[in-house]
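# Give me the fold of what follows.
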Amino acid sequence: MRIAVYLCNCGATISERIDFPEISRQLGRHADVAYVKTIDFICSEESKQALQTELSDQKPDRVVIAACSPREYERAFMDVLEKAGMNRYFLQFVNLREQVAWVTPDREQATAKAAAQIRAALARVAKHQALERKALEVSGGVLVIGAGPAGIKAALALAEAGRKVLIVEKSPVLGGMPGRYEELFPNMECGPCLLEPAISDVLHGPYSANLEYLTMAEVVGVKGYYGNFTVTVRQHPRYVDAELCVGCGECVTPCPVNTPNEFDSGLGLRKAIAFPFPGALPSVPFLDERSCLRQTGGECTVCRDACPVEGAVRYDDAPSTIERTVGAIVVAVGAGLYDCRKVPELGYGTVPGVYTSLEFERILAANGPTGGELRRHDGGEPRSVAIIHCVGSLSEDHVPYCSGVCCEYAFKFNHVIEKKLPGTTILHLYRELVLPGKEEFVLYAHARHNPHASFARYGATAPVRVTEGESGTVVEYRDDEGKPRKFAADMVVLCPAVTGSDEAGPLANVLETPRDSFGFFEELHGRLDSAQSKVKGIYIAGACQAPMDIQKAMNQGMACAGYVLSGLVEGRTLELDPITAWVDDESCSRCRTCGSVCPYKAIGFPDDRESASVNALLCHGCGTCVAACPAGAMHGNHFENDQILAEIGAVLA
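Numbers count the residues shown, from 1 in each chain. You can find the predicted model right below:
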């Protein structure tokens, strides 16, 4: 075995602490060392070019480079070996800078430590195997699940880059929750107006040919891996042909059925065939089979009879299943709200006039159940409103985190109430006030300067209580001095914590992506890779990852698009790093321990195999399965037991 050793003194950074001549003398006595060479700055382009030439000429069997952090430069020197005609995995990198010179001030001790690490590298590299990277043809198409701000932003960016994008949305409309809001913080922009241009681009824009959208649909199956996912989508019948319908609404008015409108949080009514709300896009009504007389056994045909376009209303519409092959998946299904019934002392569901923030948004909206007029449950104008922040938030009994956006929309409510009904008394009750950002303080400042608004902080020891008194709703709390107070409220608005959505659980099971303890899709790294899931090729955007506002959601949608475009380049194959786990079939007993501990869902148990199977595309080579396997059947390429034991033995020699 001929091993070449290169020592980088990194100027004075390393050489002041390590005696390289002494190390060279020691290595000269090693039987496998072909030669030792010291270089000033081996990472420079000139030095790397010289190294490539020298390796081509000398043709050593293995190479050890003792320099700085392998995280920074190991891959670059692997490329040098490959260009020199060597297997790129015949390299062992030793970190003399961070692990020796910077942490060992005594020169003699540092030299001894460096020598030991280089001996370990020699013992290990001698056992390195010739691994080869594989190339895989990939699909450039993308599935986007969820058509809210984050999903639409990602889909449009990908379509503009020429990618084919399939958007799957469970509701009959595009735009997500902000489309139901009359105004958005912090600048009081119209929610539907803000989203309409982007939705129109999806429907009819310059890149709409690259976009396919399915409403009233859900992803029910995903097979395969990064670059080649096969997805199965089930689309529920709309009973209205979107291609024929002209959106005139003639079918809606004669319908004899009235049913609670879920798009107004059940505060208003809609027909069995209806638009979710005025201005919803696409402008195509849907027929609710749960309330339609015909679908429940009757003979009613008034909607079809009223429709001026023959064949647009289709009673024979049926569920359909669609399969597509995509290279990546973007999850943007949004979030949910904490169930206020779990905080019974606040009276939601039992005391009249207590609303959630989402219900209040619909009351304020011009296309909502009251036409945008602020009305009490009995129809009168409220003259006093209590806004209770942090419902369920910052509580060990409910949700320990702060959702961040609640204070901002609470002060938006303050602004809108004052605009609609000047002089209305408003009480803000809060645990903490959170207003990050350069614009978000504006609405808070308006509230603070409103002479009709007051503020009080409450805590776990003095919770707020909402009860029904003889003269109306009463809010009991303690003021800043701890004195008990009562506030007679015509309306109470609860601002609940933002939580993982109801559909996140079933979808996570289909995608085999983990969720965190709060029900959100778990990111690869909370700070460095918040738009990547733990499964390679599946990205997460928007509030399904964490509570966030529209700005952050759209930015995260763009981040997902960037990951897809940089990783799945049209016409380029996908290179698979061979540093992955593999299974010794004869030793494996299919106990499934490895699959249960794998953080990347890279291990499966096919029925046609008697052992586990590792998907090299999903495996990150972390070694968790290797350590967990009770039979020793799992192995890690480039980190085999004999390699690591040889390294340890040489350090201790």
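# all contacts plus neighbour counts: C-alpha atoms, from now on.
Fine.
# Leaving out the residues flanking it, which one is nearest to Gly371?
Taking CA to CA, 6 or more residues apart in numbering, and ignoring the residues beside it in sequence, Gly371 has Ala365 as its nearest neighbour in space, at 6.6 Å.
# Please give me every residue in contact with the one you found.
Arg180, Tyr181, Glu182, Glu183, Gly371, Gly372 (CA atoms under 8 Å, 6 or more residues apart in numbering).
# Tyr563 should be in a strand, yeah?
No - per DSSP: H, G, I helix; E, B strand; the rest coil, Tyr563 lies outside any strand segment and is helix.
# What are the phi and psi values at the residue nearest the centre of the chain?
The residue lying closest to the centre of the chain (CA atoms, centre = their mean) is Ile540, at 2.6 Å. Here is the backbone geometry of Ile540 (degrees, to the nearest 10): phi -130, psi 130.
# Just the pLDDT at it, thanks.
If you check Ile540, the pLDDT there is 97.
# Please enumerate the strands of the stretch 551-653 of the chain.
574-576, 581-583, 603-604, 613-614, 634-636 (DSSP state E, counting those that start in this stretch).
# Ignore what I typed, I meant the stretch 351-500 of the chain.
Going by DSSP E, counting those that start in this stretch, the stretch 351-500 of the chain shows strands at 354-356, 384-391, 425-430, 453-457, 465-469, 472-478, 484-489, 491-496, 498-500.
# Dump those to JSON lines, plus distance to Ile23, mean pLDDT and mean neighbour count.
Formatted as JSON lines, the strands of the stretch 351-500 of the chain follow (distance: least, CA to CA, whole Å; pLDDT from 0 to 100; neighbours: other CA atoms under 10 Å):
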{"stretch": "strand 354-356", "distance to Ile23": "71", "mean pLDDT": "96", "mean neighbour count": "23"}
{"stretch": "strand 384-391", "distance to Ile23": "63", "mean pLDDT": "96", "mean neighbour count": "24"}
{"stretch": "strand 425-430", "distance to Ile23": "66", "mean pLDDT": "96", "mean neighbour count": "22"}
{"stretch": "strand 453-457", "distance to Ile23": "67", "mean pLDDT": "94", "mean neighbour count": "17"}
{"stretch": "strand 465-469", "distance to Ile23": "75", "mean pLDDT": "91", "mean neighbour count": "17"}
{"stretch": "strand 472-478", "distance to Ile23": "73", "mean pLDDT": "91", "mean neighbour count": "19"}
{"stretch": "strand 484-489", "distance to Ile23": "77", "mean pLDDT": "93", "mean neighbour count": "16"}
{"stretch": "strand 491-496", "distance to Ile23": "65", "mean pLDDT": "97", "mean neighbour count": "26"}
{"stretch": "strand 498-500", "distance to Ile23": "57", "mean pLDDT": "95", "mean neighbour count": "26"}
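# and of the ones you listed, who's closest to Leu166?
Taking CA to CA, strand 498-500 is the member of the strands of the stretch 351-500 of the chain nearest to Leu166, at 23.4 Å.
# Could you report the separation of Arg97 from Ala115?
13 Å (CA to CA, to the nearest Å).
# can you map out the helices along the stretch 401-550 of the chain?
Here the stretch 401-550 of the chain has its helices, by DSSP state H, counting those that start in this stretch, at 406-420, 441-448, 504-511, 550-567.
# Just put these in CSV and tack on mean neighbour count and distance to Ser171.
Compiled in CSV, the helices of the stretch 401-550 of the chain are given as follows (neighbours: other CA atoms under 10 Å; distance: least, CA to CA, whole Å):
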stretch, mean neighbour count, distance to Ser171
helix 406-420, 21, 24
helix 441-448, 18, 32
helix 504-511, 17, 15
helix 550-567, 20, 19
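# Ala120 is nearest to which of those?
Shortest distance between Ala120 and those, using CA to CA, is found for helix 550-567: 35.5 Å.
# Now Val569: closest residue in space that isn't a chain neighbour?
Per CA to CA, 6+ apart, closest to Val569 is Gly140, 7.1 Å.
# Same check on Phe41?
Cys10 (5.2 Å).
# check contacts around the residue nearest to the centre of the chain.
So Ile540 contacts Val330, Val331, Ala332, Phe521, Glu523, Ser530, Ala531, Gln532, Ser533, Gln556, Gly557, Cys560 (CA under 8 Å, 6+ apart).
# Verify the contact between the fifth one and Ser533 for me.
Yes - at 4.5 Å, Glu523 and Ser533 qualify as touching, with contact defined as CA atoms under 8 Å.
# before we move on, the earlier item: tell me who's in contact with the residue nearest to Val569.
Arg163, Lys164, Gly227, Val326, Gly327, Ala328, Leu568, Val569, Glu570.
# Mind checking which of the residues you listed are buried?
Arg163, Lys164, Gly227, Val326, Gly327, Ala328, Leu568 (16 or more other CA atoms under 10 Å).
# tell me which of those residues is nearest to Ile387?
Distances from Ile387 to the buried ones among the contacts of Gly140, taken by CA to CA, are shortest for Ala328, at 42.3 Å.
# Low-confidence ranges, the stretch 501-650 of the chain, go.
The model of the stretch 501-650 of the chain has no residue with pLDDT under 70.
# now the strands of the stretch 551-653 of the chain in a markdown table, with mean neighbour count?
Below are those laid out as a markdown table (neighbours: other CA atoms under 10 Å):
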| stretch | mean neighbour count |
| --- | --- |
| strand 574-576 | 15 |
| strand 581-583 | 22 |
| strand 603-604 | 20 |
| strand 613-614 | 20 |
| strand 634-636 | 21 |
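# Turn those strands into a markdown table, columns for distance to Ala154.
Listed next are those as a markdown table, based on distance: least, CA to CA, whole Å:
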| stretch | distance to Ala154 |
| --- | --- |
| strand 574-576 | 22 |
| strand 581-583 | 33 |
| strand 603-604 | 29 |
| strand 613-614 | 31 |
| strand 634-636 | 36 |
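# what pLDDT, on average, does stretch 207-220 get?
Per-residue scores along stretch 207-220 average to 96.
# can you give me the end-to-end distance of it?
Termini of stretch 207-220 sit 27 Å apart (CA to CA).
# do stretch 576-596 as well
Span of stretch 576-596 from end to end, CA to CA: 24 Å.
# which residues are in contact with it?
Counting by CA under 8 Å, 6+ apart, 131-136, 601-605, 610-614, 616-617, 619-626, 628-629, 631-638 sit against stretch 576-596.
# can you rerun that using 6 Å?
133-134, 603, 611, 619, 621, 625, 629, 633-638 (CA atoms under 6 Å, 6 or more residues apart in numbering).
# out of the residues you listed, who's nearest Asp201?
Nearest to Asp201 among the contacts of stretch 576-596: Cys619, at 37.4 Å, using CA to CA.
# Please look at the closest one and Gly604 and confirm they touch.
No - taking contacts as CA atoms under 6 Å, Cys619 lies outside contact range of Gly604: 11.3 Å.
# Overlap of the contact sets of those two?
Between them, Cys619 and Gly604 share no contacting residue, judged by CA under 6 Å, 6+ apart.
# Walking through the stretch 1-150 of the chain, point out its helices one by one.
With DSSP H, counting those that start in this stretch as the criterion, the stretch 1-150 of the chain has helices spanning 12-15, 20-28, 45-58, 70-83, 107-125, 149-160.
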